[in-house]
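[1] using only what follows, build the 3D model:
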Amino acid sequence: MKTRILRSLRSIGLSLVLSCLVAPTVALAGFGFKSDGTLDKEAISHAYFEGEFSRILPPLEMYRQTFPVTATKEDSIFVYKYLSVIYAADASTRNKGESCMVQLIKMKPTIELLDLYISDNIASIFKDVKQNYLQQQKYVREHDQFGNEKQDSNEVMPPKKRSHQWIWWTTGAVGAAAIATTAVVLIHENAKSTNASEPFKP
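    Numbering: from 1, shown residues only. A predicted model of the protein is given here:
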């Protein structure tokens, strides 16, 4: 199955893609959509694995360009996922494929294309696009438009070191008080001693 898909991807040409987009036939007009107007993902997926890329491209592009109000996030992911592979398979539309990949990664950063049996070349393109996008988003989060690092408002500031100067102030105050008290006591004792040595006067 993988060989069949890869062969079909290589054989699809830009001219065929454009002819399908510009003048789709009546038979293709309703393909890819259910009677209620929603995307027929099952039919599109089946056609993809049958290698009918020229058939699934018109409804996918129509959906991408119109995005009905009934669209879900899953529908959008589905569309960009298949468009990424189809466009990336053709060298002439590779840039468009990479653009679809970016939109896909924006919606679902963990998405992969492995279940679509992609070639090594497309897998490499997708890997590079995802890596570049995630790096770019990380840079934007951490830097402003001038390249300066942003300050994280939630960043925990290191605790301030407690000053120990109060210890020296307290020690000094206590020492001064002790000296003053000792001086007062000595003066008082000296005064008593002096009064005791004076002669008795009746």
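[2] tell me the SS of Gly51?
    coil (DSSP: H, G, I helix; E, B strand; the rest coil).
[3] please disregard the earlier target; I meant Arg55.
    helix.
[4] excluding residues flanking it in the chain, which one is nearest it?
    Nearest residue to Arg55 in three dimensions, chain neighbours excluded: Ala47, at 5.2 Å (C-beta to C-beta, 6 or more residues apart in numbering). All C-beta spots, glycine's among them, are computed from the backbone N, C-alpha and C.
[5] what's the separation between the one you found and Ile105?
    According to C-beta to C-beta, to the nearest Å, Ala47 and Ile105 sit 25 Å apart.
[6] quick one on the thing from earlier: quick one, what contacts the residue nearest to Arg55?
    Phe31, Arg55, Ile56 (C-beta atoms under 8 Å, 6 or more residues apart in numbering).
[7] where do the helices sit along this protein?
    Along the chain, counting by DSSP state H, helices occupy 2-11, 14-22, 26-29, 41-49, 53-66, 73-88, 94-107, 120-142, 165-197.
[8] weakest of the ones you listed by average pLDDT?
    For the helices of the chain, the weakest mean pLDDT is recorded on helix 26-29, namely a mean of 38.
[9] about what we covered before: from Leu57, how far off is the residue nearest to Arg55?
    With C-beta to C-beta as the criterion, Ala47 and Leu57 are 10 Å apart.
[10] what does Tyr82 give?
    Applying C-beta to C-beta to Tyr82 and Leu57 gives a distance of 9 Å.
[11] likewise Thr38?
    Counting by C-beta to C-beta, the gap from Thr38 to Leu57 is 19 Å.
[12] tabulate the CA atom coordinates of stretch 132-148 in CSV.
    Provided in CSV are the C-alpha atoms of stretch 132-148 (Å, rounded to 0.1, in the frame of the first residue of the first chain):
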residue,chain,number,x,y,z
ASN,A,132,11.8,25.3,13.1
TYR,A,133,8.3,26.3,14.2
LEU,A,134,8.8,25.1,17.8
GLN,A,135,12.2,26.9,18.0
GLN,A,136,10.6,30.1,16.6
GLN,A,137,7.8,29.9,19.2
LYS,A,138,10.2,29.3,22.0
TYR,A,139,12.3,32.3,20.9
VAL,A,140,9.2,34.6,20.7
ARG,A,141,8.1,33.5,24.2
GLU,A,142,11.6,34.3,25.6
HIS,A,143,12.5,37.5,23.6
ASP,A,144,10.9,40.7,22.6
GLN,A,145,11.0,42.1,19.0
PHE,A,146,14.4,43.7,19.7
GLY,A,147,16.0,40.4,20.8
ASN,A,148,16.0,41.2,24.5
